[in-house]
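1. coordinates only, sequence not included:
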């Protein structure tokens, strides 16, 4: 065997062609069945009664209220998350302090907490029978079963997205450029705007993109805090659930198509960012 | 104790960035989790244990953990194959396949849930085929398994793929020139390099599966003690305004996920160390 290896394999560092074919086949077939088939099913079910029926169900006032609410929630929680991500990354990568590892662990914590438990935590903190929540209800500003609660739940589940994208990028870039600008007399804000931001903008965009997809699609955490009041606190995913439970399949899947299209646009933009700016993203660039 | 809490620095924005970070972290994450723990403390260890020990709760926790483990194991193997194929082979449609891996991250879980149910229900496209073989998938534990495989699919592939892309081909050549077969090289040279990243992906997939709710509840059938997952029990307790019981199950789930996180971190430290010894 080892006398004439070149005869058996084209190259010593690739697998036999049969194995290559088998592995590629498993990958393609597996992804087609597990991932692409559900995506196709969303569109097929929505169009089961024709495009007209699908479009009519989207014009329904409840569906439109759900779309508006989901956009509102994303418009509030995504910028807040971006501000947090930038602040946290700046604090963590530009200063030396004790407990840094603990802080990073705490920021990552929401990724290992079930969304339902996240919602539960917010209900227990701000619900009407809690100390804080009771006071807020008395002030006429309820959190749970209202917009603020849904925003808080969304913030909880998306919390690490921007920060964990920025931290590795800012660690790698180091502080020297900013220190140079400071020495030359630039103000703190000017340094951030003209030195830091251009360096992190693609990573920031990447984090915001993923954060937005999750914010618009979050179900578990929102289901617990929303109260599911039709036309008021029912987001798009919640409305999809309610329609589906009422056996209004076409209406449920039509709304699902809108979210599926959002997912596809997100993937497209993500792939574009990864291809063009791979060297400036934490996800595709491991030092 | 010689190190100061915060070292003096010429960098601007210390107060502002620290203020925003700690305020939002406390308000959004720490105080709510604290509220859960406080609720648990007032309920007491005996109360929590009494709740968790109910057959229905125990069955739900065990089911969530067991199926998440099975799905994570499936994704470990399939994710390694996916990552290898995407990183090493060039074929038509590779880019599409590469983008499709991330779909479970981007597609909202409720959408995935109803889509999977439509496919695997007895009258669905895949469900019909399975039914002819006498196999029901939706509304059984198989359905939950499929949903958890879907949501956890990208984790291992995405952790491992960049590591494969950075492997120095020379070590594979060295292994081959020393007389190792290709399979031997894969097993003894490549696999150890991939292990830490694969374990990270496995842990993320497992943690995601244990807490998953949206993609599962539609396909699960939600029969108590049979196909009822732990997060659903929390929702049910909350709907009945049973805050103590909800908090008890929530704390049990929190403990399970933190214990998993810790043990996986330990395994990783151990596997990195044994890699360095080689």
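-> Arrived safely. Quantities reported herein were computed from a predicted structural model and do not represent experimental measurements. Numbers count the residues shown, from 1 in each chain, chains lettered A, B, ... in the order given.
2. what's the helix or strand for the residue nearest the centre of chain B?
-> Geometric centre of chain B, nearest residue: residue B:205, 2.2 Å, by C-alpha atoms, centre = their mean. Using DSSP states H and E, residue B:205 falls within helix B:191-211.
3. any idea which helix or strand comes after that helix?
-> Immediately after helix B:191-211, counting by DSSP H and E, sits helix B:214-220.
4. anything in that following helix near chain A?
-> Yes - judged by C-beta under 8 Å from any C-beta of the partner chain, helix B:214-220 and chain A are in contact via B:214, B:218. All C-beta atoms are positioned from the backbone trio N, CA, C, and that covers glycine.
5. now what about that helix, what contacts it?
-> With contact meaning C-beta atoms under 8 Å, 6 or more residues apart in numbering or on different chains, helix B:214-220 is reached by A:115, A:219-220, A:223, A:237, A:241, A:244, B:108-110, B:112-114, B:116-117, B:120, B:138-139, B:143-144, B:146-148, B:150-151, B:227-229, B:232.
6. could you check the distance from residue A:273 over to residue A:93?
-> 21 Å (C-beta to C-beta, to the nearest Å).
7. Next, the distance between the ends of stretch A:84-103.
-> 13 Å (C-alpha to C-alpha, to the nearest Å).
8. What's the mean pLDDT across that stretch?
-> For stretch A:84-103, mean pLDDT rounds to 95.
9. now do stretch B:26-45
-> The average pLDDT for stretch B:26-45 rounds to 95.
10. Can you give me the buried ones in it?
-> B:28, B:29, B:31, B:32, B:33, B:35, B:36, B:37, B:38, B:39, B:40, B:43 (16 or more other C-beta atoms under 10 Å in any protein chain shown).
11. so where's chain A uncertain?
-> Chain A contains residues with pLDDT under 70 at A:1-12, A:283-287.
12. swap the cut-off to 90 and go again
-> A:1-19, A:105, A:111-112, A:128-132, A:227, A:231, A:274-287 (pLDDT under 90).
13. re the thing from before, buried sites along the helix holding residue B:205?
-> Neighbour counts over helix B:191-211 (16+ other C-beta under 10 Å) mark B:193-211 as buried.
14. what do you get for stretch A:248-255?
-> So, applying 16+ other C-beta under 10 Å, buried residues of stretch A:248-255: A:249, A:250, A:251, A:252, A:253, A:254, A:255.
15. Which ones among the residues you listed also lie next to chain B?
-> Restricting these to those touching chain B (C-beta under 8 Å from any C-beta) yields A:249, A:252, A:253.
16. which one is the residue nearest to the centre of chain B nearest to, not counting chain neighbours?
-> Distance criterion C-beta to C-beta, 6 or more residues apart in numbering or on different chains; nearest residue to residue B:205, sequence neighbours excluded, is residue B:152 at 3.5 Å.
17. Confirm that that neighbour lies within a helix, as I assumed.
-> Yes - assigned with DSSP: H, G, I helix; E, B strand; the rest coil, residue B:152 falls within a helix.
18. count of residues packed around it?
-> Neighbours of residue B:152 under the rule other C-beta atoms under 10 Å in any protein chain shown: 26.
19. so which strand or helix has residue 62?
-> I'll assume chain A. helix A:61-94.
20. my bad, chain B
-> Taking DSSP H and E as the definition, residue B:62 sits inside helix B:55-88.
21. Is any residue of whatever helix or strand comes next after that helix near chain A?
-> On the C-terminal side of helix B:55-88, the closest following helix or strand by DSSP H and E is helix B:94-100. Yes - counting by C-beta under 8 Å from any C-beta, chain A is contacted by helix B:94-100 at B:95, B:97, B:98, B:99, B:100.
22. re earlier: okay, the residue nearest to the centre of chain B and residue B:217: tell me how far apart.
-> Per C-beta to C-beta, residue B:205 is found 19 Å from residue B:217.
23. One more: residue A:53?
-> Using C-beta to C-beta, we find residue A:53 at a distance of 26 Å from residue B:217.
24. again, but for residue A:178
-> Relative to residue B:217, residue A:178 is positioned 48 Å away (C-beta to C-beta).
25. likewise residue B:53?
-> Counting by C-beta to C-beta, the gap from residue B:53 to residue B:217 is 24 Å.
26. Look at those two and report which has more neighbours.
-> Using other C-beta under 10 Å, the more surrounded residue of residue B:53 and residue B:217 is residue B:217, with 26 against 10.
27. and whatever residue of the stretch 51-200 of chain B ends up closest to chain A, how many residues sit next to it?
-> In the stretch 51-200 of chain B, the residue that lies nearest chain A is residue B:108 (2.7 Å; C-beta to the nearest C-beta). With neighbours defined by other C-beta under 10 Å, the count for residue B:108 comes to 25.
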